[in-house]
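**Q** Turn this into a structure:
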Amino acid sequence: MEDKYQIENKSYKVLPIKNNVVFPGVMMPIAVSKKSSLKLIKAVEKNDEPIILLTQKDNKATDPKEADLYTLGTMAHVIQIIPVPEMGKDTMMTIFEGLHRVKAVDFQECIDGSLVAHAIPMDEEMPLKNDKQFKATVDSVKETVLDILSKQEGAPSGLQSSLKNLTSSPSFLNYVCAIYHMPTETKQELLGIHSLMERATAMLTILQKDKEALDIKEDIRRRTVEKMDKQQREYFLQQELETIKKDLGDTDSSAQKVNELRDRAQQMKWSAAVAERFNKELERLEHMHVHAPDYSTQLDYLEFMLDLPWGVYSDDNYDMTHAQEVLNRDHFGLDKVKQRIVEHLAVQRQLSLRSKKDKEKSPVKSPILCLYGPPGVGKTSLGKSVAEALGRKYARISLGGLHDEAEIRGHRRTYIGALPGRIVDGIKKCGTSNPVFVLDEIDKIGADYKGDPTAALLEVLDPEQNNSFHDNYLDVDYDLSRVLFIATANTLETVPRPLLDRMELIEMTGYLQEEKEEIAKRHLIPKELANHGLKASQLKFKKDILAHIIDDYTRESGVRSLERQIATICRKIDTKLALGEEYNVSVTLDDLRTYLGQARYSRDSWETNKYVGVVTGLAWTQVGGEILFIETSLSAAKAPTLTLTGNLGDVMKESATLSLGYVKAHAKELGIKPDVFEKTAVHIHVPEGAIPKDGPSAGITMTTALVSAFTKRLVKPRIAMTGEMTLRGKVLPIGGVKEKLLAAKRAGITDIILCEDNRKDVAEINEIYLKGLKLHFVHDISEVLAIALV
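**A** The predicted structure is shown next:
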């Protein structure tokens, strides 16, 4: 048949069709009722000529033009035209047979409005005669489509039998593509696939997806029927059980439970709005059958409302001496934090003395504190001490890794398995509405498609809003204004700015070595001795031994690693006691190496002043202060250069450039020949190049090193300095003064140069730590050079 209708270089009539795509080798019946289309089909049949069938893109187009049609279609010829009166008196069922896949081009519109176009053959890539892969794929298509038809309701039974009798051939594949129910756009895409193997694969994918969907629907239907049968059976059994109970004279347990809840509600100190909501929900429960699916959910909600401490507040302990004793007992140092807690207690004490009228006019609002600093400095444990000092209950939740807003606000009760938020749940567990509530790791909250928990915390941590906090599960406002929230964080960089704005930030820096020694002596050693079953007489640590453990075996801001090292020594002693071996009760340096191994860390100490261009500087780190050496060397060169080594950051590089610029500008008054810079290569190095170094406190140190190198003047012995400077030589203040001074003292430094503006920072340091240090406060770099250089 295809040989009879070869495609020639001439115009062919075009018939637009709706909701159908005709494939080559497939007979397709199409109902035609439009007069112009019927006239066109009859003319084609009379002249026994082929026609191009093109699918409409939009079925609403009544008079489709070239733009409304897919250009890829099928050349077909008319097999038979059959009148169909039941579909309309003018409707004819036309049976077409697809011949070739073609692309229609060069469209022209005839006088009667019909379209003609030239046809470019788009022959399909046929599989080889014995292509096993193609045959297996088409066989899978056949099996899958028959399986789908057997499960579909209303599928023609004759269609299944006709498909079973067809062989797995290219014509069968095109037949399935043509008759299978799927979107017209999908059929058009299948027609556009050049390779029959690829078309078979695409069709199989479509069928498998439909089969999976049918399987899911069947599974849902089956389970629904089973559930309905089970519910009906349970209903009849419950009715019989109720009848038996009635005959036996049993009281109605549901009514008894409702009465219990109503009696409890009368004792609650909640507002009229909350009482109204509770009574409404209680009425719902009263009308529920005890075995109804929602009964237990409704009962849990009402019991949760009753379990909350509405209007219940613990009395604050306003004994200032007691508060200070508790805070000092549990934590060494942290003076600023302790002072803030004592201040809060003093404010609460004054507010408690007001009249009832004044209290109602201006209710008490607790501050929102945020303690931030490195790990292990006691941020979380401080919350417990604060609760004990105030005489309040203690609650804590960890927010690390939290990424669901519902964890804070709770789930709406419309969801299965809904739960209250962790804030309200924590209040319930405390039993009072004014606990000390620690929000741990607030800097490690995440966010995803479930919401942003930090946005929910904005309401919790806002003293102006949290008097009416709305939990989705509770669904009524709850007053959090008297809760003392204490948030903890390691860094503020990951905490959103609006959240920071609602909190009072208190920095907790790392402990100094002297503070760590005291913490070990007062807290860690007694704790670990008790944990390991040892008495104080069985193991002792001298002060110098503790200093060695801190210096040689730990490098941290807090004391966690120090606690682990002490625990290690306790385990070694336990082992020796168990084996009956002798040991030194008072730990020695040799014992440390035996128990803990060789020293893991080392600190720099002052060495010598016999080299020019070498100056001792002071630096601050997360784990305390450190000394560092600024080394400068000069060498002859054709052109002036400045080389910086030691893994320096941008700020320190700028300080070095500024220092050299200052020395050049003031060469004459410093006793340096100006022309020496033109033929000198300057190299500034800070040892330990593997460690990154940066910060605005090395300006005067670098300037002193450069002047020492150019003037050949030595630096005075055991002197160190820290401070930034401007281009005109003014010395600027820096931070971390306490840590730097103690680092200098440990390193054997006796004289320290600081900015005059840092005098106020030194005034806050305990005099014990300053013993043996001579401090020089300066305004200008010229004063620094006069003090530091020989």
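**Q** need the longest strand for this protein.
**A** The residue-count maximum for a strand in the chain (DSSP state E) belongs to strand 92-109.
**Q** Show me which positions of the helix or strand where residue 561 lies end up buried.
**A** Assessed by DSSP states H and E, residue 561 sits inside helix 560-579. Burial within helix 560-579, assessed by neighbour count using 16 or more other C-beta atoms under 10 Å, is assigned to 561-563, 565-566, 569-570, 572-573. Every C-beta, even on glycine, is put in place using the N, C-alpha and C of the backbone.
**Q** May I ask you to confirm that residue 164 is in contact with residue 147?
**A** No. Counting by C-beta atoms under 8 Å, residue 164 does not reach residue 147; the two are 12.0 Å apart.
**Q** Comparing these two, which residue is more hemmed in?
**A** Between residue 164 and residue 147, counting by other C-beta atoms under 10 Å, residue 147 is the more crowded of the two (15 against 9).
**Q** which residue sits closest to that one, ignoring its sequence neighbours?
**A** Spatially, and ignoring its direct neighbours in sequence, residue 147 is nearest to residue 211 (6.2 Å; C-beta to C-beta, 6 or more residues apart in numbering).
**Q** Can you identify each of the helices in the stretch 51-200 of the chain by residue range?
**A** In the stretch 51-200 of the chain, the segments counted as helices under DSSP state H, counting those that start in this stretch are 132-151, 157-165, 170-179, 184-191, 196-248.
**Q** mean confidence score for the first one?
**A** Mean per-residue pLDDT for helix 132-151: 86.
**Q** and if you look at the last one?
**A** When the per-residue pLDDT values of helix 196-248 are averaged, the result is 78.
**Q** what's the next secondary structure element after it?
**A** Using DSSP H and E, the helix or strand that follows helix 196-248 towards the C-terminus is helix 253-265.
**Q** Run the chain-centre distance for the helix or strand following that next one.
**A** Next helix or strand after helix 253-265 toward the C-terminus (DSSP H and E): helix 272-286. Centroid separation for helix 272-286 versus its chain: 38 Å, with C-alpha atoms, centre = their mean, to the nearest Å.
**Q** related to what we said a few turns ago, list the helices and strands the helix holding residue 561 packs on?
**A** Helices and strands touching helix 560-579, by 3 or more C-beta pairs under 8 Å, 6 or more residues apart in numbering; DSSP states H and E, are helix 525-531, helix 543-553, helix 589-596.
**Q** Now do the spatially closest residue to residue 709 that is not a sequence neighbour, the pLDDT please.
**A** Leaving aside its sequence neighbours, residue 709 sits nearest to residue 613 (C-beta to C-beta, 6+ apart; 3.3 Å). pLDDT recorded at residue 613 is 90.
**Q** and what of residue 564?
**A** 93.
**Q** about what we covered before: contacting residues for the residue nearest to residue 709?
**A** Neighbouring residues of residue 613 by C-beta atoms under 8 Å, 6 or more residues apart in numbering: 631-634, 705-706, 708-709.
**Q** For residue 479, find the nearest of the helices of the stretch 51-200 of the chain.
**A** Nearest to residue 479 among these is helix 196-248 (41.7 Å), distances taken as C-beta to C-beta.
**Q** Student question: in this structure, what's the helix or strand with minimum average pLDDT?
**A** Across the helices and strands of the chain, mean pLDDT, DSSP states H and E gives its lowest value to helix 356-361, namely a mean of 66.
**Q** still on that earlier bit, so which of the helices and strands packed on helix 560-579 is the most packed in?
**A** Per residue and on average, the most neighbours among these fall to helix 543-553, with a mean of 18 (mean count of other C-beta atoms under 10 Å).
**Q** That one vs helix 589-596, what angle?
**A** 40 degrees (axes from the mean of the first three to the mean of the last three C-alpha atoms, to 10 degrees).
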